[in-house]
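Quick one: sequence and predicted model below, then my questions.
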Amino acid sequence: MEDLQGKVAVVTGGASGIGSGICRVIAREGLSVVVADLDLERAGRLAGELSGQGAKAVPAQVDVSEYASVEALAERALGEFGAVDLVCNNAGVYIGGPMDDLTPDDWRWVMSVNLDGVFYGCRVFSRILLEQGRGGHIVNTASVGGFLSHGEGAAYAVSKYGVVALSESLREQLKPHGIGVSALAPGPVRTALSDSDERRPEALADAGNKSAVLWEFIKHGIEPVEVGELVLRGVRDNAAYIFTDPSFRKPFEERFVRILNDFDRLD
Ligand code: NAD
């Protein structure tokens, strides 16, 4: 999607961190923005700030882990702006720690937001983009953790590997319709993700502060608005993957070599 002026974007998890960086950059580029988040107050503050700078921005409350809530978000966006062109399924949460400490509620919470939420956004909004017949673009926020897993943080890695797979599959499906799909795979970004536990629903609420361990990894990360700039470029180029940190090239390469090496054992 090259010409973005006057187009309409919906960004989930838009009130904080990477989502807020994306909202800031695309609003500057002339897109109308629905700042969608569980935290309506913070979404309202950002939408107000962007409107004050002359952009068209509205807040919307959404819980991406509820299908009906994502459907309601789409209705709100269409009611407000009449169309949707760019969808950033970005809302996400983090939990770290060893398998031993990972409860079924931990697992369900991470999957419900990071993976179900992206699937719901893809399903609801891809149908709208197809119906409109004017192209568009979907950016799904994965992570470098969607390609590299390590000893701890299995639930997060599984959810993000899933987002990469979903994005690759949807990209193939929507290509003939002129709709692009990108998997955004950031390295460390300085955000509130290490406080995710605070947004955990009561029904799944025995976290025990398992998000905080992430701070060490992200505290020297880049700023969210830098990710916003890279997302903008990725949307314009219809990039399959939007990376933010070149230092991950080597561990990616090493992983793929390890995989190929095990094929060699068949010779
Ligand atoms: P953040 O906590 O600053 O922002 C996440 C936003 O998502 C918050 O505003 C939160 O209210 C919202 N949210 C949480 N649960 C929600 C739900 N059920 N429905 C709607 N909104 C919900 O964190 P961030 O780092 O900006 O995270 C954004 C995305 O980037 C996540 O998917 C995360 O996994 C991914 N990511 C972050 C990093 C990093 O280093 N920060 C790296 C790779 C990937």
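Thanks, I have it.

how about stretch 48-64: buried residues?
Neighbour-count burial for stretch 48-64 flags 49-50, 55-64 (criterion: 16 or more other C-beta atoms under 10 Å). No exception for glycine: its C-beta is placed from N, CA and C like everyone else's.

among these, which are in helices?
Mapping these onto helices (DSSP state H) picks out 49-50.

how about the buried residues of stretch 48-64, which pair is most distant?
Greatest spatial distance in the buried residues of stretch 48-64: A55 and D63, 25.1 Å, computed using C-beta to C-beta.

ok so, going back, sitting in strands, which of the buried residues of stretch 48-64 do you find?
57-61 (DSSP state E).

Just the buried residues of stretch 187-203, please?
187-197, 199-200.

Which single one of the ones in strands among the buried residues of stretch 48-64 is nearest to the ligand?
Here the nearest of these to the ligand, counting by C-beta to the nearest ligand atom, is Q61; it sits at 8.3 Å.

Name all residues that make contact with the closest one.
Residues in contact with Q61, defined by C-beta atoms under 8 Å, 6 or more residues apart in numbering, are 36-38, 40, 43.

same deal with E71?
So E71 contacts V124 (C-beta under 8 Å, 6+ apart).

Tell me how far it lies from the ligand.
14 Å (C-beta to the nearest ligand atom, to the nearest Å).

ok, now how distant is that residue from G117?
Between E71 and G117 the distance is 13 Å, computed by C-beta to C-beta, to the nearest Å.

re the thing from before, what about the contacts of Q61, which one has the most neighbours?
A36 (35 neighbours; other C-beta atoms under 10 Å).

Sheet partners, orientation included, of the helix or strand harbouring that one?
Using DSSP states H and E, A36 sits in strand 32-37. Here strand 32-37 is paired, per DSSP bridges, with strand 8-12 (parallel), strand 57-61 (parallel).

I'm done for today, thanks for sticking with me.
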